[in-house]
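> sequence isn't available, so here's the structure alone:
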């Protein structure tokens, strides 16, 4: 073996790990949290839509409480999501109409379990919940 064929294995290994393996490992650790946040947003939007539609009145306070309880039950802080209804607060929902719910969650760009997260972006789940057209309203 000539001198030209020798290399610096330690340096090549460190560069390979630093430039290739470490970023891929960060991505692999982060991808499940992206999916988890999106699934949580969908579930919260469906449940908030059901709760408000069954009441028959656009109640933003109830929607926020329901979203907070669900988020915490699903392992996410209530402060990491926002709920929006497409009706005016206190308005009676019309029979046969659709109640639109939008839940926006903050998703960390890079999330390393046990260490923390860096950067974030938001993702919004939309859900249209039909209001029962044969329901009765309390006077």
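Received the coordinates, thanks. A quick note: this is a predicted structure, and the numbers were derived from the prediction, not measured. Numbers count the residues shown, from 1 in each chain.

> residue nearest the centroid of this structure?
residue 37 (3.0 Å; CA atoms, centre = their mean).

> before we move on, which element is that residue in?
In the assignment (DSSP states H and E), residue 37 maps to helix 22-55.

> report the buried residues of the helix or strand harbouring residue 101.
In this structure, residue 101 sits in strand 98-112 according to DSSP H and E. Judged by neighbour count (16 or more other CB atoms under 10 Å), strand 98-112 contains these buried residues: 99, 101-108, 110-111. Heads up, the C-betas are built off the backbone N, CA and C, glycines and all.

> coming back round to it: name the residues of the helix holding residue 37 that are buried.
Neighbour-count burial for helix 22-55 [16+ other CB under 10 Å]: 30, 33, 36-37, 40-41, 43-49, 51-53.

> the strand holding residue 101 pairs with which strands, parallel or anti?
Take DSSP bridges as the rule and strand 98-112 pairs in its sheet with strand 81-85 (antiparallel), strand 116-130 (antiparallel).

> just the angle for it relative to helix 22-55, thanks.
160 degrees (axes from the mean of the first three to the mean of the last three CA atoms, to 10 degrees).

> any idea of the mean pLDDT in strand 98-112?
The predicted model gives strand 98-112 an average pLDDT of 89.
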